[in-house]
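Chemist: quick one: sequence and predicted model below, then my questions.
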Amino acid sequence: MTLTITGLRVAIRDTQILSGIELALHKGQVHGLAGESGSGKTMTGFAVLGLLPHGARASGRIELAGRDLLGLPDKELNRVRGNDIAMVFQDPSTSLHPMLTVGRQLTEHMRPHLGLGKAEARERALELLTKVRIPNPAEAYRRYPHQFSGGMRQRIAVAVALACDPQVLIADEPTTALDVTVQAGILRLLRGLCDELGLAVLLITHDLGVMSAIADEVSVLRDGLVVESGARKSVLRTPTHPYTRSLLEDLP
């Protein structure tokens, strides 16, 4: 077991956002977190990374390799981000800087976090671009994000997230802004990276169709609480909670 979330509660002022989340992420598996907008999916991911909005209060436990991340000082938590846990966002334009080359964005965290020299960092960046199937990595290394399609930008964002060899990857609606064909490619990429690198992946999405294509385990979130959790086939084929059934009935 790579990462466990136990009794996670998050409140902002007097509003309870998460009401006791229980999740377990395992090495080499994709755990899907599903639910409608506002159910608390993204807030769960932010809580794991310690990126909660100002004024938010969190309690419970988020354990990675025996350490409770909620109790870590900011300095130690900064080392966890990127090194141990990384995140891919819905829109790569929010995570890729438009004025920096792809190579700069891939290597700027490698050198301080992994202690690599300039040449070593470049070599690793090219390997990552190859791994996420970017054509002509050497040329892509010198280009800027706006020179790529949306699907290619998302692949680059995945490469940036993997730059420091994390154990856990949180993918927050990584295919929502993409057309169906490109979406399928990103899902195959995430599944392949999970298997090849032994990542524990938390896939956040409102689309149970996406879950059926990639997830090993599925948890359904409603109003900040997990209402159903289990193996993908069990949850999607024979759901026990009315809310899960309603989500499945809404699929085209």
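Modeler: Perfect, I can see it now. What you see is a predicted model, and the numbers here were worked out from it, not measured in a lab.

Chemist: which other helices and strands does the biggest helix by length in the chain contact?
Modeler: Longest helix of the chain, by residue count under DSSP state H: helix 180-197. Judged by 3 or more CB pairs under 8 Å, 6 or more residues apart in numbering; DSSP states H and E, the packing partners of helix 180-197 are strand 29-34, helix 150-161, strand 168-172, strand 200-205, helix 208-214. In this view, the C-beta of every residue, glycine as well, is placed from N, C-alpha and C.

Chemist: can you put those in CSV and add mean neighbour count, mean pLDDT and distance to His241?
Modeler: Converted to CSV, the helices and strands packed on helix 180-197 look like this (neighbours: other CB atoms under 10 Å; pLDDT from 0 to 100; distance: least, CB to CB, whole Å):
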stretch, mean neighbour count, mean pLDDT, distance to His241
strand 29-34, 25, 95, 12
helix 150-161, 23, 93, 31
strand 168-172, 24, 94, 23
strand 200-205, 25, 94, 18
helix 208-214, 20, 85, 13
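
Chemist: and of these, who's closest to Ile186?
Modeler: Shortest separation from Ile186 across these is recorded for helix 150-161, at 5.7 Å, computed as CB to CB.

Chemist: before we move on, back to that, looking at the helices and strands packed on helix 180-197, spot the one closest to Arg79.
Modeler: Arg79 lies closest, by CB to CB, to one member of those: strand 168-172, at 14.1 Å.

Chemist: so the spatially most central residue of the chain versus Leu247, what's the distance?
Modeler: Nearest to the geometric centre of the chain sits Ile170, at 1.6 Å (CA atoms, centre = their mean). Counting by CB to CB, to the nearest Å, the gap from Ile170 to Leu247 is 21 Å.

Chemist: please apply the same query to Ile186.
Modeler: From Ile186 to Leu247 the distance is 22 Å (CB to CB).

Chemist: give me phi/psi at the closest residue to Leu64 other than its chain neighbours?
Modeler: With CB to CB, 6 or more residues apart in numbering as the criterion, Leu64 has its nearest non-adjacent residue at 5.0 Å, and that residue is Leu3. Backbone torsions of Leu3, given as degrees, to the nearest 10, read phi -140, psi 130.

Chemist: can you count the residues close to Leu3?
Modeler: Counted with other CB atoms under 10 Å, the neighbours of Leu3 add up to 23.

Chemist: for the protein, what spans make up the helices?
Modeler: Counting by DSSP H, the chain has helices at residues 41-49, 74-83, 102-107, 110-114, 118-131, 137-142, 150-161, 180-197, 208-214, 232-237, 242-249.

Chemist: now tell me which of these the model trusts least on average.
Modeler: Of all these, mean pLDDT reaches its minimum on helix 110-114 (a mean of 82).

Chemist: what residues of that one count as buried?
Modeler: 110, 113-114 (16 or more other CB atoms under 10 Å).

Chemist: kindly report the same for stretch 16-29.
Modeler: For stretch 16-29, by 16+ other CB under 10 Å, it's 17-19, 21, 23-26, 29.

Chemist: touching, Ala86 and Ala159? I think so.
Modeler: No: look at Ala86 against Ala159 with CB atoms under 8 Å: they stay out of range, at 10.6 Å.

Chemist: any idea how this protein splits into domains?
Modeler: The record's domain split for the chain, according to automatic domain parsing, is 1-84+168-174+199-252, 91-165.

Chemist: CSV for these, including distance to Leu193?
Modeler: Output for the domains of the chain, formatted as CSV (distance: least, CB to CB, whole Å):
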stretch, distance to Leu193
domain 1-84+168-174+199-252, 6
domain 91-165, 7
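
Chemist: between these, which one is closest to Val182.
Modeler: Using CB to CB, those put domain 91-165 closest to Val182, at 3.7 Å.

Chemist: next, the distance between the ends of that closest one.
Modeler: The stretch domain 91-165 measures 22 Å between its terminal residues, going by CA to CA, to the nearest Å.
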